[in-house]
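**Student:** Generate a structure from the sequence data that follows.
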Amino acid sequence: MRMYINGAFTSGSASDKIAVINPATEEILDTVPVGTAVDVNTAVSAAKTAFFGWKRTPAFERAGLLHEAARKMQDHAEELAHLLTVEEGKPLEENEEEVFWTYDTFNYYAELGRHERGRFIPPGDPDQLNFVIKEPYGVVGCIIPWNFPLLLLAWKLAPALAAGNTAVIKPSEYTPLSTLKLMEIAFDHFPPGVVNVVTGAGATGEALVRHPDVPLIAFTGSVATGQRIASIAAPMMKKLHLELGGKDPLVIGPDVAMELAVKATAYAGLINAGQVCTSSERIYVHEGMIGRFSEELAEFVGSLRLGSGLDPDTDIGPMLRPHFREKVEGQLAEAVQAGAKVLVGGKRPSHLPRGFFLEPAVIVNVDHRMALMREETFGPTLPLMPYRDFDEAIALANDTTMGLGATLLSHDARLVKRFFEEVKAGTIWINDPLTDNFAGPFGGMKMTGGGRELGQEGLDEFYEVKHVHWDVEGKIKSYWFPYGKETK
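**Tutor:** Purely as a prediction, here's the structure:
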């Protein structure tokens, strides 16, 4: 497939290509161009030209175009979900949900974007008007991760377009096909240049960040890459919208039913083979129940079925690439060497010789000296650590440089209140981990980055604010020069 620039598919100036691999079979699905700085400049120039007309398009007309894009996505939902599955690896059922969330995000921001452009505020004088205008930035650079390539694109692109911005998208080099397919089926009715896609790897993304005509960069990915983006963007004072991963805790209260605790924990840590920024990567269990809980969790996790995401019997698909699997294996080996015990999983399944599969693991005897409990794992691991009382549980939950999400399983209102007030995380889940709500903001604290997606806050990220102070009468003011007593 080719890049999408100024309303047309093109190979641009690229001479190199990237192979896109099915992680379940290791087969090459397709190739895409490695976009150059020239291609980025062409896309940005197209977006900059289109911006002047797009920002003046009435909000209700932009809403209609966004709704039409959502309708086309819905009409092609089956095709998109299948492509996501072979490109990224999640079970088809999870990708069907991703496609639904993708087109509904466009529907949500189509409506939200037409309702507000600012507000009037009380003036200091009856002959004056004071109001706040929300204006689009211009060209938004969207750099998208591989684990939810359409959903996390929608969380950036839909509000950016609704606010009147244009966009240049750099999808992950691992999962660009679904983004390009989205352009093909859902954006052909947009004015040329409003939405553009330049494929490539790190150098392509860096060219987008460095471009002087891109005032806002929206990125989801690793802390290291986010820091690199920030270092490049700082001298140009670009607006940065960064979500940089997590090391989310899950705390299990002593009052929770065992079946709920087991199934919620498995889902929170193992959906998409643990390759979710909000995966529960640190599990804290009351010391009075950890023995039985670890046994039942290991039994349940051991029953989950690995395989191709296209197989309806599959619970957990492959990891995306070999080096991601090797990172998880390295953390597990280091933990075991330090005294941890793997109750189940952690191995490459012998019945799946091809594909980047790793059996989901339940681990006990862990502590915060281990990378498994300290660094983002992004894989199918469930490390369990006991706590004595709730003070210790909260202290352990906060003992991280990240702050994306946190989950509590408990029906005790006193514990719930303490948890959401005292744990430093952008999203708090109580008894229902990893769920989203279009109207609720999503984002993190601490090293997870800044900015919010979804909700009104997610739309406001793509507006600049301007205060207008208007003296309608235009009278000479008594407080102007010259100072001193008035003379006749």
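
**Student:** so where do the strands sit in the stretch 51-200 of the chain?
**Tutor:** Assigned by DSSP state E, counting those that start in this stretch, the strands in the stretch 51-200 of the chain fall at 118-121, 128-136, 139-143, 166-170, 195-197.

**Student:** Which neighbours in the sheet does the worst-scoring helix or strand of the chain on mean pLDDT have, and how are they oriented?
**Tutor:** Least confident helix or strand, the chain: strand 449-450 with a mean of 88, by mean pLDDT, DSSP states H and E. Each strand that pairs with strand 449-450, with its direction, by DSSP bridges: strand 239-243 (antiparallel).

**Student:** domain parsing for this structure?
**Tutor:** Taking automatic domain parsing as the criterion, the chain consists of the domains 3-244+454-469, 248-430.

**Student:** and of the ones you listed, who's closest to Gly484?
**Tutor:** Gly484 sits nearest to domain 3-244+454-469 of all these, at 23.1 Å, using CB to CB. Every C-beta, even on glycine, is put in place using the N, C-alpha and C of the backbone.

**Student:** distance between the ends of that closest one?
**Tutor:** End-to-end span of domain 3-244+454-469 (CA to CA, to the nearest Å): 45 Å.

**Student:** roughly how far out does the helix or strand hosting Gln331 sit from the chain middle?
**Tutor:** Using DSSP states H and E, Gln331 maps to helix 322-337. Counting by CA atoms, centre = their mean, to the nearest Å, helix 322-337 is centred 24 Å from the centre of its parent chain.

**Student:** so what does that helix touch, helix or strand wise?
**Tutor:** Contact analysis of helix 322-337 by 3 or more CB pairs under 8 Å, 6 or more residues apart in numbering; DSSP states H and E lists strand 361-364, helix 371-374, strand 381-387 as its packing neighbours.

**Student:** circling back: so which of the domains of the chain gets nearest Gly440?
**Tutor:** Gly440 sits nearest to domain 3-244+454-469 of all these, at 5.4 Å, using CB to CB.

**Student:** can you map out the strands along the stretch 251-400 of the chain?
**Tutor:** Counting by DSSP E, counting those that start in this stretch, the strands of the stretch 251-400 of the chain are 280-286, 341-344, 361-364, 381-387.

**Student:** Let me see the mean pLDDT of the last one.
**Tutor:** Along strand 381-387, the predicted confidence averages to a pLDDT of 98.

**Student:** hang on, the earlier thing: now the helices and strands packed on helix 322-337 as TSV including mean neighbour count?
**Tutor:** TSV is the format used below for the helices and strands packed on helix 322-337 (neighbours: other CB atoms under 10 Å):
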stretch	mean neighbour count
strand 361-364	26
helix 371-374	21
strand 381-387	24
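
**Student:** which one of those lies closest to Met237?
**Tutor:** Ranking the helices and strands packed on helix 322-337 by proximity to Met237 (CB to CB) places helix 371-374 first, at 33.4 Å.

**Student:** for the closest one, packing partners?
**Tutor:** Secondary-structure packing of helix 371-374 (3+ CB pairs under 8 Å, 6+ apart): helix 322-337, strand 381-387.

**Student:** Now render the ones you listed as CSV, adding distance to Ala230.
**Tutor:** What follows is the helices and strands packed on helix 371-374, written out as CSV (distance: least, CB to CB, whole Å):
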stretch, distance to Ala230
helix 322-337, 23
strand 381-387, 29
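
**Student:** mind checking which of the ones you listed is nearest Ser279?
**Tutor:** Nearest to Ser279, of the helices and strands packed on helix 371-374 and by CB to CB, is strand 381-387 at 8.9 Å.

**Student:** Neighbouring strands - and their directions - for that closest one?
**Tutor:** Partners of strand 381-387, by DSSP bridges, with direction: strand 280-286 (parallel), strand 361-364 (parallel).

**Student:** Check what contacts that strand and list those residues.
**Tutor:** 251, 265-266, 269-270, 274, 280-287, 290, 293-294, 297, 301, 328, 331-332, 335, 340, 346, 360-364, 366-367, 370, 372-373, 393, 396 (CB atoms under 8 Å, 6 or more residues apart in numbering).

**Student:** Verify the stated contact: Ala406 with Trp429.
**Tutor:** Yes. Contact criterion CB atoms under 8 Å: Ala406 and Trp429 qualify, at 7.3 Å.

**Student:** Mind checking which of the two has more residues around it?
**Tutor:** Ala406 (29 against 22; other CB atoms under 10 Å).

**Student:** And for that one, nearest residue in space, chain neighbours not counted?
**Tutor:** Sequence neighbours aside, Ala425 is the residue nearest to Ala406 in space, at 4.1 Å (criterion: CB to CB, 6 or more residues apart in numbering).

**Student:** before we move on, which element is that neighbour in?
**Tutor:** Per DSSP H and E, there is no helix or strand for Ala425.

**Student:** Out of the strands paired with strand 381-387, the one nearest Val197 is which?
**Tutor:** strand 280-286 (31.5 Å).

**Student:** Enumerate the positions of stretch 94-109 that are buried.
**Tutor:** Across stretch 94-109, burial judged by 16 or more other CB atoms under 10 Å covers 94-96, 98-99, 101-109.

**Student:** Could you export these as TSV, including distance to Leu415 and pLDDT?
**Tutor:** Below are the buried residues of stretch 94-109 laid out as TSV (distance: CB to CB, whole Å; pLDDT from 0 to 100):
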residue	distance to Leu415	pLDDT
Glu94	31	98
Asn95	35	98
Glu96	35	98
Glu98	33	98
Val99	37	98
Trp101	30	98
Thr102	35	98
Tyr103	38	98
Asp104	33	98
Thr105	33	98
Phe106	38	98
Asn107	37	98
Tyr108	33	98
Tyr109	36	98
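
**Student:** So which of these are in helices?
**Tutor:** Residues of the buried residues of stretch 94-109 located in helices (DSSP state H): 94-96, 98-99, 101-109.

**Student:** Name the nearest of those relative to Met3.
**Tutor:** Thr102 (20.5 Å).
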